[in-house]
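Novice: give me coordinates for this.
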Amino acid sequence: MEDKDIIELYFARDEQAIESTRDKYGRLLRSIAYGILRSHEDSEECENDTYFKTWNVIPPTRPNAFQAFLAKITRNLSLDKYDQLHAAKRGSGEVPLMIEELEECIPDAVATATDDESDNTELARILDEFLSSISEDARKMFMRRYFYGDSVNEIADKYGFGKSKVKMSLSRSRESLRELLAKEGYYG
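Specialist: Numbering: from 1, shown residues only. Down below sits the predicted model:
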């Protein structure tokens with residue numbers, strides 16, 4: 001079923017919308033959640049929460065990129081769940097490590113972005129510019145690490161690279177992002 005047809009089911013308040021979403025995107029959503037949570041049970045919970053949240057925001061929202069819309073919801077729910085599960089034991093696991101890595105290139109002004117739509121649109125434009133400026137391999141590694149939450153080992157295994165190549169690529173990508181953010185006035 002095409003995304004536009006699934007979205008129309010949501011607008012019609014037809015519960016088949018959830019089943020169609022699950023059939024088409026369930027595996028992707030579980031993968032995103034698992035990359036962050038490392039628990040099948042918690043990943044399934046976030047997947048189901050994604051369907052519930054999607055049901056509640058469509059309508060009135062009509063997403064242009066349904067897959068990205070779902071992925072963002074799942075990622076945010078998973079990060080919230082991660083925070084909830086690890087509030088007492090900060091400093092262990094992949095998510096704190098990912099955040100620490102990104103802190104070197106993302107200033108506080110970006111990390112604490114407001115709900116101002118124009119700020120978010122500008123940051124999205126900058127991130128799109130950054131992602132289009134790096135090689136396909138670097139883009140894949142960056143997205144697997146910082147969006148899907150994969151470890152360096154998982155990325156290396158997935159793409160057949162050495163761990164040092166993945167680490168170096170991620171380091172260079174973070175530096176490129178930092179330079180672009182500085183050029184756009186987010187530093188100094």
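Novice: got a list of what the residue nearest the centre of the chain touches?
Specialist: Centroid-nearest residue in the chain, with Cα atoms, centre = their mean: Phe147, separated by 3.5 Å. With contact set as Cβ atoms under 8 Å, 6 or more residues apart in numbering, Phe147 has these partners: Ile32, Ala71, Arg75. For every residue, glycine as well, the C-beta is placed using N, CA and C.
Novice: contacting residues around the helix or strand where Asp137 lies?
Specialist: Element membership of Asp137 [criterion: DSSP states H and E] is helix 136-146. Applying Cβ under 8 Å, 6+ apart, the external contacts of helix 136-146 come out as 98, 101-102, 131, 134, 150, 152, 154-155, 158-159, 161, 166, 169-170, 172-173.
Novice: give the next helix or strand downstream of it.
Specialist: As assigned by DSSP H and E, the chain's next helix or strand after helix 136-146 is helix 152-159.
Novice: output that following helix in PDB with nothing but the alpha carbons.
Specialist: Taking C-alpha atoms only, helix 152-159 is exported to PDB below (Å, rounded to 0.1, in the frame of the first residue of the first chain):
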ATOM      1  CA  VAL A 152      31.000   1.400  15.900                       C
ATOM      2  CA  ASN A 153      31.300  -2.400  15.800                       C
ATOM      3  CA  GLU A 154      27.800  -2.800  14.300                       C
ATOM      4  CA  ILE A 155      28.600  -0.300  11.600                       C
ATOM      5  CA  ALA A 156      31.900  -1.900  10.800                       C
ATOM      6  CA  ASP A 157      30.200  -5.300  10.500                       C
ATOM      7  CA  LYS A 158      27.200  -4.000   8.400                       C
ATOM      8  CA  TYR A 159      29.400  -2.300   5.800                       C
END
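Novice: let me see the mean pLDDT of the helix or strand just after it.
Specialist: Next along the chain after helix 152-159, taking DSSP H and E as the criterion, comes helix 163-183. Averaged across helix 163-183, pLDDT comes to 92.
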